[in-house]
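Student: Predicted model follows, preceded by the sequence.
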Amino acid sequence: MTAVAAAVPAGTARSRQLAGTGALLRLALRRDRVMIPAWVLGLGLVVASLGSSFEALYGTAAERAELAGSMTANGSMRALYGPVFSDSLGGLIAWRMAGFGAVLAAVMSLLIVVRHTREEEETGRQELLSAAMVGRRAPLTAALLAALLANAVLVVLIAAGLARSGRPAGGSLALGLAIGGTGMLFAGLAAVAAQLTESARMAKGLTGAVLGLAFALRGAGDAADATAGSPLTWASPLGWAENLRAYADERWWVLLLFLAGTALTVAAAYALTARRDLGMSFLPARPGPARAPRSLAGPFGLAWRLQRTTLGGWTLGYVCAGAVFGGIAKGASDLVGGNQRTREIFERMGGQARLTDAFLATMVGMLGMVAAIYAAGAVLRLRGEESADRAEPVLAGAVGRLRWAAGHLTVAYAGTVVVLGFGGLALGVSYGISVGDTGRVGPVLAAALAQVPAVWTLTGLAVLAFGLLPRATTAVWAVVGGCLALGWIGPSLNLPQWAMDLSPYGHLPKLPGTEATAAPFVWLLVLSAVFLAAGLAGFRRRDID
């Protein structure tokens, strides 16, 4: 056997390991025929259209220079958005979108790779495919190629769209490559996480934690150095994206960092996948106790056991984010100086004339929008349990469908209140300490909890999709991402109110600082209840997949 194996050419052995890659790639693209275009077109069109908005808001070179100077001079804003390297329209686009676009491209890429690697193994589909003529490395290769195609199209769309709108071609290409390059680097990191962890949820969580660390390093580095030259900034891939300096004497050599990082992570993923069995991981779950605790006797205890780690991680992250945002709120008034147009953007985002309140309202709104990601994930854990055939054994006993679903939904709905409550409390306490006025803790906490009805509306939409269209639950992420994009970029684009009202967050009063009426909260809660009831009714009547 050894002699025969030695006689097989190395190239033939490698080709066998990649057998079936084309078929798996076509399958991946077909399964993601909605998700990938939604991400790519949404992000690409937003970047391409941002120039016209900046041109309308800052029509003269003096206004753009004043904006760039005020943003770069404020360490708090550099931590949030990064420094401005050029006061041209292209430079402002790069400042506004290099970091935010890179984060979205990273999220898109990690979702693609994990879905077609670890998730396929977790559900058992990969074992069936591997029984045919499918090589050992074919699934990983197909997933990475799907991510590569998505990021390549994104690069072309951004570069072509910006160049067509009159921006310099070199800077347009640099910005597209910065965003797409970040996406591919995190595709490689997701591929490594898929080999290390035992579940798709853990793989996404681990890659997301790396993305959060990258954002924190970039923010800390930019706060310390207005030129983005801090070692902390260079330690973050998001820092690489901004240091490519699109429209500001581009540093093309920074692309080598993306190439090297992607090559290193992809090579590590291939090396790891060759050393483990299908379905196994390098970080296996710890064996549980011999006897289950009484808390696992019912569906509520089971749901809590499955989701408590995720809820704890989100709560801790929100406490940290609230503390950081509260600390930088004191410098909000120094940000704009006498720049009336910049003040108008923050007032539009925050909804009132008092700039510090507008800034706090903006931060609270961000916390509320991001909380929908947690809530949607907690609901769609139901779909994960169902597709992995773990729900059927539970439902075969004395547990009814609605009782089983209620366990996970309780964690999703109550967890939203917990996450936003701790985030708002940390935001209020941090701001109160920085200004020496703890009397604002209560209003800021109330403002954070006021985001709950909007989050619950999207939570109910996720329940509706799970109950009526379980195979289309991935579309929930597109809706959540669209609401996040509207809230984050809409004010800068000066979108009309009807467009902002497409998001449930557009109907909430901008707290703290404005008067609130009960009507929008009641209507959102009613809509959430309708979605919830319809979704549970559909789940009760449909077949279990």
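Tutor: Yep, that arrived.

Student: all helices of the stretch 101-250 of the chain, in order?
Tutor: For the stretch 101-250 of the chain, the helices defined by DSSP state H, counting those that start in this stretch cover 118-123, 125-130, 138-164, 169-196, 200-224, 231-234, 237-243.

Student: Confidence-wise, which of those is weakest overall?
Tutor: Of all the helices of the stretch 101-250 of the chain, helix 125-130 carries the lowest average pLDDT, namely a mean of 74.

Student: Distance from that helix to the middle of the chain?
Tutor: Offset of helix 125-130 from its chain centre (C-alpha atoms, centre = their mean, to the nearest Å): 29 Å.

Student: Could I get the CA-only coordinates of that helix as CSV?
Tutor: Provided in CSV are the C-alpha atoms of helix 125-130 (Å, rounded to 0.1, in the frame of the first residue of the first chain):
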residue,chain,number,x,y,z
ARG,A,125,-25.5,17.1,5.0
GLN,A,126,-21.8,17.2,4.5
GLU,A,127,-21.5,13.5,5.5
LEU,A,128,-24.1,12.6,2.8
LEU,A,129,-22.2,14.7,0.2
SER,A,130,-18.9,13.2,1.2
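
Student: For it, which outside residues touch it?
Tutor: Contact partners of helix 125-130, identified using C-beta atoms under 8 Å, 6 or more residues apart in numbering, comprise 20, 24, 120-121, 139, 278-279. (Glycine included, C-beta is placed from N, CA and C.)

Student: Show me which positions of that helix end up buried.
Tutor: Buried positions in helix 125-130, judged by neighbour count with 16 or more other C-beta atoms under 10 Å: 126, 129-130.

Student: from these, which is closest to A485?
Tutor: Distance ranking of these against A485, using C-beta to C-beta, places Q126 first at 32.7 Å.

Student: Isn't Y318 up against V419?
Tutor: Yes: in this structure, Y318 is within contact of V419 by C-beta atoms under 8 Å, at 5.2 Å.

Student: Now do the shared contacts for the two.
Tutor: Taking C-beta under 8 Å, 6+ apart as the contact rule, Y318 and V419 both touch A371.

Student: Phi and psi next, for H116.
Tutor: Dihedral pair for H116: phi -100, psi 10, per degrees, to the nearest 10.

Student: Quick check: it vs A268, distance?
Tutor: As for H116, its distance to A268 is 18 Å (criterion: C-beta to C-beta, to the nearest Å).

Student: the more surrounded of those two?
Tutor: Remark: of H116 and A268, H116 carries more neighbours, 26 against 16, as counted by other C-beta atoms under 10 Å.

Student: which intervals of this protein have sub-threshold pLDDT?
Tutor: 1-15, 74-76, 131-132, 279, 284-290, 292, 329-355, 491-494 (pLDDT under 70).

Student: and the residue sitting nearest the centre point of it, what is it in contact with?
Tutor: Central residue of the chain (C-alpha atoms, centre = their mean): V107, 4.9 Å from the mean position. The contact partners of V107, taken as C-beta under 8 Å, 6+ apart, are 186, 208, 211.

Student: Wait, L536 touches A405, no?
Tutor: Yes: using C-beta under 8 Å, L536 is in contact with A405, at 6.5 Å.

Student: Neighbour count for the two, which is higher?
Tutor: Shown here are L536 and A405; by other C-beta under 10 Å, A405 has more neighbours (25 against 19).

Student: Which of the helices or strands spans that one?
Tutor: If you go by DSSP states H and E, A405 is part of helix 401-435.

Student: Please name every helix or strand in contact with that helix.
Tutor: helix 299-328, helix 355-387, helix 391-395, helix 441-449, helix 452-468, helix 519-541 (3 or more C-beta pairs under 8 Å, 6 or more residues apart in numbering; DSSP states H and E).

Student: among the ones you listed, which is the most enclosed?
Tutor: Stretch with highest mean neighbour count among the helices and strands packed on helix 401-435: helix 452-468 (a mean of 25; mean count of other C-beta atoms under 10 Å).

Student: Pop out the phi and psi values for P496.
Tutor: The phi/psi pair for P496 (degrees, to the nearest 10) is phi -60, psi 160.

Student: Please renumber the chain so that the first residue is 648 from this point on.
Tutor: Sure, I'll start numbering at 648, so the last one becomes P1143.

Student: Just give me the neighbour total for it.
Tutor: Applying other C-beta under 10 Å, we find 9 residues neighbouring P1143.

Student: likewise L860?
Tutor: By other C-beta under 10 Å, 12 other residues sit near L860.

Student: Against S883, how distant is it?
Tutor: 8 Å.

Student: Let's have the helices of the stretch 748-897 of the chain in TSV, adding distance to G1079.
Tutor: Shown next, in TSV, are the helices of the stretch 748-897 of the chain (distance: least, C-beta to C-beta, whole Å):
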stretch	distance to G1079
helix 765-770	43
helix 772-777	52
helix 785-811	41
helix 816-843	36
helix 847-871	21
helix 878-881	28
helix 884-890	30
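
Student: do you know which of those helices lies nearest V1110?
Tutor: Nearest to V1110, of all the helices of the stretch 748-897 of the chain, is helix 847-871, at 18.6 Å by C-beta to C-beta.

Student: gap between that closest one and the chain center?
Tutor: Distance, centroid of helix 847-871 to centroid of chain: 11 Å (C-alpha atoms, centre = their mean).

Student: Could you do stretch 1071-1084 as well?
Tutor: Centre-to-centre, stretch 1071-1084 and its host chain are 26 Å apart (C-alpha atoms, centre = their mean).

Student: Over to stretch 753-768?
Tutor: In terms of C-alpha atoms, centre = their mean, the centre of stretch 753-768 is set 13 Å apart from its chain centre.

Student: residues contacting G828?
Tutor: 798, 887-888, 902, 905-906, 909.

Student: quick one: which of these is nearest to G782?
Tutor: Distances from G782 to the contacts of G828, taken by C-beta to C-beta, are shortest for T909, at 21.7 Å.

Student: and that closest one, how many residues sit next to it?
Tutor: Number of residues near T909 (other C-beta under 10 Å) recorded here: 22.

Student: quick one: contacts for it?
Tutor: Applying C-beta under 8 Å, 6+ apart to T909 gives the contacts 828, 831-832, 834-835.

Student: ditto for I759
Tutor: Contacts here follow C-beta under 8 Å, 6+ apart; on that basis I759 touches 675, 679, 682-683, 790, 793-794, 797, 834.

Student: nearest to K1157, of these?
Tutor: The closest of the contacts of I759, once distances to K1157 are taken by C-beta to C-beta, is M682, at 31.5 Å.

Student: Would you confirm that that closest one contacts V1126?
Tutor: No: if you go by C-beta under 8 Å, M682 and V1126 don't touch, sitting 11.5 Å apart.

Student: Provide the secondary structure category for L930.
Tutor: At L930 the chain is in coil, as set by DSSP: H, G, I helix; E, B strand; the rest coil.

Student: Check the burial of the nearest residue to it once chain neighbours are set aside by counting its neighbours.
Tutor: Distance criterion C-beta to C-beta, 6 or more residues apart in numbering; nearest residue to L930, sequence neighbours excluded, is L843 at 5.1 Å. Neighbourhood size, L843 [other C-beta under 10 Å]: 17.

Student: and if you look at the one 4 residues further on?
Tutor: Burial of A847 is recorded as 22 neighbouring residues (other C-beta under 10 Å).
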